[in-house]
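**Q** just coords:
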């Protein structure tokens, strides 16, 4: 008889002992118990262990075990339980990585967990369990109790994909967004800003100034100055004009044959909707500066005639809110100015960041995660005496095996290998067969990148001088 491996999506989950934050801890305790007792132990022994350890007083102590089977961490044959390769990987993984493996398993096999994380990514404000239950119940008509929503919610909290911000109200974490990016198309909502550093603080302050200056019609130059700084941060060379009969800003994207020029007019208004579009004057400004695109930056734009005129005269209407989202995306995953040109290809109002741009940013974030997983695999192999040179193809297969899904592409793995072997970093070297040997710890790789960044900042400072 073959072992039972549940691979279909599960709709209803059991209560995992250990409390809201303890699902991962309880899972690890079960895996360790089975590993210590040896493979193929009776399922009732595992149920008894859970009942005694967590004082479970019910007649179905084996229910949590079946959830772990559904996750692909355990297999059952003839009512005897054993660890799967994924379960063994979770046991051997370091803190942080084991949570990521379990999170990927829950997203793959528990329908409601994926739905909840998608809901969290789409929701601007922290949400409660009852609010989530009301949103999910149409998809699960048999869910008559909010506790059935609390169980998948607990998996997300325990794995670090959600966090409690205040009074049992939750929001998605950066780890949650990264995990979700493997299961959904790129979101047009910007990811959260990274941990505080000099550039992050500068962008946060700039976003606050843009949002405040957009309605300051008395000191209207504030918006012009803030927009100039924003486009410089985004990688453009900016010339502030602002004289009568001229545009406010000229922004050059310098990229050899792919270079392009923008003229940018900034418009403040107190009522959020700007409508006084002077298309003829803007066209003259474009001819004066031989620009490729006309951009008007304002709090937002009146629908109807204003947008029709913008489309007719090839003018891009950029709301301040979208510029702020663009800055947030740039803070997390800076892209080059050629990638940003997609924002100016279609005249009219820019409602949100283009999907193509968000896809590029998601690809960058995915490759960062791929780098982390490759370094983990190499370090784990070394700890178990399997320190050997690995080809890109072997690394790819190891990632698929350990994560139990193709979370990364072969191109992702090749890009990471190219980065590590680049002489500017020198973190790895290839032998004559093209197999990779990583010769730096993650800490030293980070140091190498930081010294390179410091050198480039000094170079930028000297060129401005």
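**A** Structure's in. What do you need? Being a predicted model, the structure only gives us computed values, none of them experimental.
**Q** buried sites along the longest helix seen in the chain?
**A** Looking across the chain with DSSP state H, the single longest helix is helix 355-383. Neighbour counts over helix 355-383 (16 or more other Cβ atoms under 10 Å) mark 357-358, 360-363, 365-367, 369-378, 380 as buried. In short, each C-beta sits where N, CA and C put it, glycine included.
**Q** just checking, residue 151 touches residue 15?
**A** Yes. Using Cβ atoms under 8 Å, residue 151 is in contact with residue 15, at 6.3 Å.
**Q** what's around residue 16, how many residues?
**A** Close neighbours of residue 16, defined as other Cβ atoms under 10 Å, add up to 24.
**Q** okay, now the unreliable bits of this structure?
**A** For the chain, the stretches with pLDDT under 70 are 1-12, 20, 39, 55-61, 182-198, 272, 381-387, 402-406, 460-465.
**Q** element containing the residue nearest to residue 373 when sequence neighbours are not counted?
**A** If the residues on either side of it in the chain are set aside, residue 373 comes closest to residue 399, at 5.8 Å by Cβ to Cβ, 6 or more residues apart in numbering. According to DSSP states H and E, residue 399 maps onto helix 392-403.
**Q** gap between the two ends of stretch 72-89?
**A** Terminal residues of stretch 72-89 are spaced 11 Å apart (Cα to Cα, to the nearest Å).
**Q** now do the buried residues in it.
**A** Buried, per 16+ other Cβ under 10 Å, within stretch 72-89: 72-76, 80-84, 86-87, 89.
**Q** for stretch 412-430, same thing?
**A** 412-413, 415-417, 419-421, 425, 427-428.
**Q** how much space separates the residue nearest to residue 129 when sequence neighbours are not counted from residue 156?
**A** In space, and not counting its chain neighbours, residue 129 is closest to residue 150: 5.2 Å by Cβ to Cβ, 6+ apart. Separation of residue 150 from residue 156 (Cβ to Cβ, to the nearest Å): 11 Å.
**Q** neighbour count: the two, which is higher?
**A** residue 156 (27 against 18).
**Q** so who does the more buried one touch?
**A** Residue 156 makes contact with 103, 106, 113, 116-117, 120, 162, 170, 176 under the criterion Cβ atoms under 8 Å, 6 or more residues apart in numbering.
**Q** from these, which is closest to residue 145?
**A** Set against residue 145, the nearest of these by Cβ to Cβ is residue 116 (15.7 Å).
**Q** residue 263 against residue 252, yeah?
**A** No. Between residue 263 and residue 252 there is no contact under Cβ under 8 Å: 10.5 Å.
**Q** more neighbours, those two?
**A** More neighbours surround residue 263 than the other of residue 263 and residue 252, with 25 against 18 (other Cβ under 10 Å).
**Q** and the helix or strand where the more buried one lies, what does it pack onto?
**A** Element membership of residue 263, judged by DSSP H and E, is strand 260-266. The elements that strand 260-266 packs onto, with contact taken as 3 or more Cβ pairs under 8 Å, 6 or more residues apart in numbering; DSSP states H and E, are helix 221-233, strand 249-253, helix 279-289, strand 293-298.
**Q** list the buried ones in the third one?
**A** What it means is helix 279-289. 279, 282, 285-286, 289.
**Q** and if you look at the first one?
**A** Of the residues in helix 221-233, 222-231, 233 count as buried by neighbour count, 16+ other Cβ under 10 Å.
**Q** for the contacts of residue 156, which one is nearest residue 40?
**A** The closest of the contacts of residue 156, once distances to residue 40 are taken by Cβ to Cβ, is residue 106, at 25.3 Å.
**Q** if I look at the residue nearest to the closest one when sequence neighbours are not counted, how far off is residue 27?
**A** Distance criterion Cβ to Cβ, 6+ apart; nearest residue to residue 106, sequence neighbours excluded, is residue 113 at 4.4 Å. The gap separating residue 113 from residue 27 is 14 Å, by Cβ to Cβ.
**Q** who has more neighbours out of those two?
**A** Using other Cβ under 10 Å, the more surrounded residue of residue 113 and residue 27 is residue 27, with 28 against 25.
**Q** quick one: the more buried one and residue 90 touch, right?
**A** Yes. The pair residue 27 / residue 90 is scored as a contact, 7.4 Å apart, by Cβ under 8 Å.
**Q** quick one: common contacting residues for the two?
**A** 73, 102.
**Q** doesn't residue 81 lie inside a strand?
**A** Yes. Looking at residue 81 with DSSP: H, G, I helix; E, B strand; the rest coil, it is inside a strand.
**Q** how about the contacts made by it?
**A** By Cβ under 8 Å, 6+ apart, residue 81 lies in contact with 34, 40-43, 46, 65, 69, 74-75.
**Q** cutoff 6 Å now
**A** For residue 81, the contact set (Cβ atoms under 6 Å, 6 or more residues apart in numbering) comprises 41, 43, 46, 74.
**Q** residue 396 now?
**A** 410, 413.
**Q** show me the domain layout of the protein.
**A** According to automatic domain parsing, the chain comprises the domains 23-181, 198-353, 360-460.
**Q** run through the bridge partners of the nearest residue to residue 439 once chain neighbours are set aside.
**A** Take residue 439 and drop its neighbours on the chain: the residue closest to it by Cβ to Cβ, 6+ apart is residue 428, 6.2 Å away. Counting by DSSP bridges, residue 428 forms beta bridges with residue 438.
**Q** residue 428 contacts residue 434, correct?
**A** No. Here residue 428 does not reach residue 434: they are 11.8 Å apart, not a contact under Cβ atoms under 6 Å.
**Q** can you give me the helices in the stretch 101-250 of the chain?
**A** 111-122, 129-136, 147-158, 174-181, 198-213, 221-233 (DSSP state H, counting those that start in this stretch).
**Q** export those to a markdown table and tack on distance to residue 441?
**A** Output for the helices of the stretch 101-250 of the chain, formatted as a markdown table (distance: least, Cβ to Cβ, whole Å):
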| stretch | distance to residue 441 |
| --- | --- |
| helix 111-122 | 32 |
| helix 129-136 | 41 |
| helix 147-158 | 29 |
| helix 174-181 | 22 |
| helix 198-213 | 25 |
| helix 221-233 | 32 |
